[in-house]
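**Student:** Here you go, sequence then predicted model.
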Amino acid sequence: MLKVNEYFAGKVKSIGFDSSSFGLTSVGVMEEGEYTFSTAQPEEMTVITGALKVLLPGAPDWQVFTPGEKFFVPGHSEFNLQVADVTAYLCRYLSK
């Protein structure tokens, strides 16, 4: 079953699904902008195209992630993103 999600007035869209090999997963696209996301459970984010400038919880500095690179976000936290060009991503929702 696919679940379509839309955030930030349609500037971020994703399709969520439950994969037998990856578990709960979503793939999406972000338009240019700045975003703050909250997590319920830990997440593994992989950049597919474009780049994400990320400020992770507790981190003093922003980090840039490019295609093929991933970062982890703890559960029950917030993280900030800056997107300079349209970027696609894969998000895996990890066990608590």
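**Tutor:** Arrived safely. Since the model is a prediction, treat every value here as computed from it, not as a measurement.
**Student:** pLDDT value on residue 56, please?
**Tutor:** On the pLDDT scale, residue 56 is placed at 97.
**Student:** ditto for the one 3 residues further on
**Tutor:** If you check residue 59, the pLDDT there is 95.
**Student:** which stretch of helix or strand covers it?
**Tutor:** Using DSSP states H and E, residue 59 sits in no helix or strand.
**Student:** which non-adjacent residue is nearest residue 51?
**Tutor:** Once flanking residues are discounted, residue 51 sits nearest to residue 66: 5.0 Å by C-beta to C-beta, 6 or more residues apart in numbering. C-betas here are computed from N, CA, C, even on glycine.
**Student:** Just give the number of residues close to that neighbour.
**Tutor:** Applying other C-beta atoms under 10 Å, we find 11 residues neighbouring residue 66.
**Student:** I figured it was touching residue 46, is that so?
**Tutor:** No: in this structure residue 66 lies outside contact range of residue 46 using C-beta atoms under 8 Å: 10.7 Å.
**Student:** ok, what's across the strand from residue 17?
**Tutor:** residue 25 (DSSP bridges).
**Student:** Touching, it and residue 5? I think so.
**Tutor:** No: contact criterion C-beta under 8 Å: residue 17 and residue 5 do not qualify, at 11.3 Å.
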